[in-house]
Every structure is written in C-alpha cells, then in structure tokens.
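K.L.:
here is my input, please return the structure:
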Amino acid sequence: MIRVRRSAVIDAPIEHVWAVLRDFNGHSAWHPAVGPSAIENGEPSDQVGCVRTFTLKDGNQIREQLLALSDRDHVSTYCILDATLPMRNYVATVQLKRVTDGDRTFWHWESTFDVPRGRERELEQLVGGQVYEAGFAALAAYLRRDGRPFSQVTPVESQGVVATSFGGPEVLQVRRLDSPAPKSGEVRVRQTAIGVNYIDVYVRKGLYRMIEPPAPIGMEAAGVVLESQASGFRPGDRVAYACTPPGAYVTVRTLPADQLVLLPDYVSEETAAALMLKGMTAEYLLHRTHRVKPGDTVLVHAAAGGVGLLLCQWASALGARVIGTVSSEAKAELARANGCEHPIVTRSYVFAAKTRQASGGRGADVIFDGLGQDAAQENLAALAMRGHWVSYGQATGALEPVNLSGKSGTLSQPVLFHYTEDHLQQMAGRVFTAVRDGILKPDVRHRYPLAAAAEAHHALEARRTSGQIVLLP
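P.N.:
From the prediction side, this is the model:
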C-alpha cells in the first residue's frame, strides 16, 4: 500500500480556502490537472455520497465519491470508484487548520492506495507532485489578491514554553512567539512531539549558558514540514532533530535544514521526539567514544532513565555484560527487562563493591556516567584496570579533576553535538535501523501537554520518571 502525504500553508483565511475545497465539483476551475467534471444524477456537490466523473488533462478518466464532509472541522474525505489509472482502494482526506489568528491556513492532503508492483514510485510522484503539490500552488494563485500570491511566506505565530529567568521549574511559562519565515536553506516545522532531556534542566538552571532569558528551551522534537526553502525537504515531510541552540519547546519552529533528518515510515513522530537526542547519545557512546565489544563489562548509571535504558538494550545486544545503578526496586526490574544483567539499587551513589562483585573482581571496562561529581569516588573504585570512564552528564554537579594513574584509566567528556556536527545522518540512520531491528525499544512512559513542561521537569528532577518523556503541543 502506498501512502502519500503533503502539506502547505496558504496565505488566506481558512473560510476562503474551505469555500473552494468543499465544492466536490469545483476542481476544474482551479486545478491544472483536472478537465471537465460533473456530479452524477444532478446531486449537490457538497452532499455526502455524491459521485463526480471527470477527465484529467492527460486523458485519464476518474469517478470519485464524497465519503465525508465536515464544515466544523474543515475535513473532506473521498475515494476513487473507477479509474483508468492503475490505482485501487484509493482513499484521500483533505484537512484545513487555522494559522495565525485565522489569516492563514494549514492544508494537509493525504491518501492511501494500491498499485501494480514496479510502479510504486511513478504513481506516488504523480499523486504527490502533479496532484497535491500542483494543487497547493494552483489554489494559491486562484485566491490571489491585489497581485500578492496567497502562498507568500510570512512569520507564523507559535506558542512556546519560555525560561523567564534561570532557576527552578517555576520559571517555565507559556508565551506567544513568532516562527520566522524560512530563509534559503531553512525549513519551518509544525511540531507534533517534543523530547524532554536532562540537558533541558541544565539550560533552565543556567548551568549551561546556552540561552539568555526569556527564551524557549529544549533540544529535540519531531513534526511535519510546513514550508521549505531547502532542497531535500518539502511540505508534508515528517522530520525530527536534536540540535543546538535550545528552542524546541514550541508549536512551530524554523531551523536550518542541515539539522533535520527525514523519518522512515516505521518511526512515529512521538518515537522520534523521544529518541533523537537519547538514541544518538547511546549511538556515539557505544560506537564512537568507546566501541563496546562482546565480553566487555559496562556500568550504566541511571539505567532506567531515558538514555540508560537505550544503553542497556544496545550494549546487551553488542554482547556486553551490563551493570546498572537505579534508585528503586521497580526501576531495577525495568532495567533488568531491558538488558541490564545486574541492577544495583542505590540512592546514595554507593555501587563500587557490587560492581566488582558482579564482574568477578575486575570492575567495569567502561562506565557511562551522567551523574557527575557525587558519584566520582565510587566510579574510580568501580573502574577496571585500564578502564574507560565516560562522563557525558553532570546531574549531581560538574566533575572535578580526577587522577586515574592508579589504574592507567582514561577519562572522556564527550558532547553529542560535536559528533552530530559531521555525522548526523549516519548516526540517526543507525538509531532508526536499531529500532527497526528490535535492538532499541523506545518506551514513552510519560506524556505531558506542552503547557505542563514545568510539571515534567519537577518529575524528572525528583526521579519520578523512567524511560522517555515527551511534551505534546
């Protein structure tokens, strides 16, 4: 089955756009691909169940039936009954939504259908390009006023969660923001899911001075392209990102196209929002900073957290023995179910003795540490001779200088964005492949409305969460 999705923003009030699209027999007046058209049996063109017969400009003939029409929701659904084109079981939906106080309209056009083997790409491009994308441009021209095309890009109003100052979760407040029109090389995205990560806490507190309040925070999200001024992306594409600068806690965002990745069909937008930053963190930690191999003993801190669970799953699949620290028995069970062979329950960062015991006295060949200073002495005691301590976070404070000469150990302090700068597409591709192959099993356990971002931060800092957290605009 083929699925075609396209979207665009039309610079016209939704009432004007809907007045044209709700006329099931009106396409011949504005669509360049549609020729003569008539409603059978003289029925009204907005009557559910009516059938229209029309001829395309290329000579193909089609009979379509109106299945549903909602003036309240601005939704129309129709199907093909007969066609000379080799498409079967074709069902399409047109949906409009208001943008910017009703002055602009978001138009989403989607269909599914079956085609003969070998003609999938040809007919997908015909429907998506010659019908849908051509229709967007043609309707914009049809609605032209005073020589100004309605498809002209302008700022779009967005809502966002802003850090009004540096501090606790209470500084997070909802504000109206503008998403600027995309410039050359940029894309504007309507966001459908936003990931919450511990780095957002660091930014909110001012530990990482990556914003100047008031400013939105957040590093990762997924959604649908509204407008594109960049090659490789077009309206309707599903995309995701994890990048600097912060600003993901918004409903609409404009950002450089080179920070975006296209989503495969088997990865939902919610999964992508929960997975981009954490999944690529697991990718570079396990495959780049320290190449984990079969037989390695791996110690994962916060093993039931968003990154921790992915590290346990992937390291176990690579053949490593995984030891993990967690803060409760419930989290221990969760970590164990996701590849952590030896979960250690501790809320006081005491784990070195049990790590050595679980590893036959050797200690951990590699420690993936997102805790920071409070766990430093135990990490040193838990590290194996010639072991690798990877400090990629500082939940308990920045790590102070440490002497590893007693174990000939090495210390790394990697940053995700230094890896994605040159390898974004490769890293994201490996993460998506691991999802497809069942190696990574993202588990979105906590969903909050975007306006409840402060509540999500409270829960994250209080260790009341496990797995991935997303905000839903």
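K.L.:
how about the nearest residue to Pro414 once chain neighbours are set aside, what does it touch?
P.N.:
Distances taken as Cβ to Cβ, 6 or more residues apart in numbering place Thr289 nearest to Pro414, at 4.8 Å, with adjacent residues excluded. Any C-beta I mention is one placed from the backbone N, CA and C, and that applies to glycine too. Going by Cβ atoms under 8 Å, 6 or more residues apart in numbering, Thr289 touches 390, 392, 412, 414.
K.L.:
now the buried members of the residues you listed.
P.N.:
390, 392, 414 (16 or more other Cβ atoms under 10 Å).
K.L.:
quick one: contacts for the last one?
P.N.:
Under the criterion of Cβ under 8 Å, 6+ apart, the contact list for Pro414 reads 284-285, 288-289, 390, 392.
K.L.:
what would these look like in CSV with pLDDT and distance to His457?
P.N.:
CSV is the format used below for the contacts of Pro414 (pLDDT from 0 to 100; distance: Cβ to Cβ, whole Å):
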residue, pLDDT, distance to His457
Tyr284, 98, 25
Leu285, 98, 24
Arg288, 96, 29
Thr289, 97, 27
Val390, 98, 25
Tyr392, 94, 20
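K.L.:
farthest-separated two in those?
P.N.:
The span of these, defined through Cβ to Cβ, is set by Arg288 and Tyr392 at 11.6 Å.
K.L.:
just checking, what packs against the helix or strand hosting Ala376?
P.N.:
For Ala376, the element it lies in under DSSP states H and E is helix 376-382. The contact analysis (3 or more Cβ pairs under 8 Å, 6 or more residues apart in numbering; DSSP states H and E) places helix 376-382 against helix 352-358, strand 364-369.
K.L.:
mean neighbour count, these: which tops it?
P.N.:
Neighbour counts (mean count of other Cβ atoms under 10 Å) averaged over each of these peak at strand 364-369, with a mean of 27.
K.L.:
strand partners of that strand, parallel vs antiparallel please.
P.N.:
Taking DSSP bridges as the criterion, strand 364-369 pairs within the sheet with strand 297-300 (parallel), strand 383-391 (parallel).
K.L.:
list the contacts of that strand.
P.N.:
So strand 364-369 is contacted by 285, 290, 292, 296-301, 311, 323, 355, 375, 379, 382-384, 387-393 (Cβ under 8 Å, 6+ apart).
K.L.:
are any of these buried, and which?
P.N.:
Counted by 16+ other Cβ under 10 Å, these give 285, 290, 292, 296-301, 311, 323, 355, 375, 379, 382-384, 387-393 as buried.
K.L.:
need the helices for the stretch 151-300 of the chain, in chain order.
P.N.:
198-205, 269-284 (DSSP state H, counting those that start in this stretch).
K.L.:
out of the ones you listed, nearest to Leu255?
P.N.:
helix 269-284 (13.2 Å).
K.L.:
let's have the buried ones among the contacts of Thr289 in TSV, adding distance to Glu333.
P.N.:
Conversion of these to TSV gives the following (distance: Cβ to Cβ, whole Å):
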residue	distance to Glu333
Val390	26
Tyr392	25
Pro414	30
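K.L.:
hang on, the earlier thing: who wins for proximity to Pro245 among the strands paired with strand 364-369?
P.N.:
Counting by Cβ to Cβ, Pro245 lies closest to strand 383-391 out of those; the figure is 23.0 Å.
K.L.:
which SSE is immediately downstream of that closest one?
P.N.:
For strand 383-391, the succeeding helix or strand toward the C-terminus, using DSSP H and E, is strand 410-412.
K.L.:
so what touches the next helix or strand after that next one?
P.N.:
Following strand 410-412 in sequence order, the next helix or strand is helix 416-436 (DSSP H and E). Residues from elsewhere that reach helix 416-436 (Cβ under 8 Å, 6+ apart): 240, 242-244, 258-259, 261, 263-264, 266-267, 271, 275-277, 279-284, 287-288, 314, 317, 392, 440-442.
K.L.:
out of those residues, which are buried?
P.N.:
Buried members of the contacts of helix 416-436, counted by 16+ other Cβ under 10 Å: 240, 242-244, 259, 261, 263, 267, 271, 275-277, 279-284, 314, 317, 392, 440, 442.
K.L.:
care to break the protein down by domain?
P.N.:
2-142, 156-263+444-472, 286-418 (automatic domain parsing).
K.L.:
what's the average pLDDT for stretch 429-446?
P.N.:
Taken as a whole, stretch 429-446 has a mean pLDDT of 93.
K.L.:
contacts only, for Leu226.
P.N.:
By Cβ under 8 Å, 6+ apart, the residues touching Leu226 are 7-9, 106, 156, 188-190, 235, 252.
K.L.:
from the residues you listed, which is closest to Ile211?
P.N.:
For the contacts of Leu226, the nearest to Ile211 is Val252 (18.6 Å; Cβ to Cβ).
K.L.:
wait, the closest one sits on Gln191?
P.N.:
Yes. In terms of Cβ atoms under 8 Å, Val252 counts as a neighbour of Gln191; the distance is 6.7 Å.
K.L.:
between these two, who's got more neighbours?
P.N.:
For Val252 versus Gln191, the count of surrounding residues by other Cβ atoms under 10 Å is larger for Gln191: 28 against 24.
K.L.:
and the closest residue to the more buried one other than its chain neighbours, what does it touch?
P.N.:
Spatially, and ignoring its direct neighbours in sequence, Gln191 is nearest to Gly223 (3.9 Å; Cβ to Cβ, 6+ apart). By Cβ under 8 Å, 6+ apart, Gly223 lies in contact with 189-193, 238-240, 269.
K.L.:
need the residues you listed in TSV (columns: pLDDT).
P.N.:
Shown next, in TSV, are these (pLDDT from 0 to 100):
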residue	pLDDT
Val189	93
Arg190	91
Gln191	94
Thr192	94
Ala193	96
Arg238	91
Val239	95
Ala240	97
Glu269	94
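K.L.:
for the residues you listed, work out which two are farthest apart.
P.N.:
The most widely separated members of the contacts of Gly223, counting by Cβ to Cβ, are Arg190 and Ala240 (12.8 Å).
K.L.:
Gly160 reaches Tyr249, doesn't it?
P.N.:
Yes. With contact defined as Cβ under 8 Å, Gly160 and Tyr249 form a contacting pair (5.6 Å).
K.L.:
common neighbours of the two, please.
P.N.:
Pro216.
K.L.:
pick out whichever of those two has more residues nearby.
P.N.:
When Gly160 is set against Tyr249 and neighbours are counted by other Cβ under 10 Å, the residue ahead is Tyr249, at 31 against 28.
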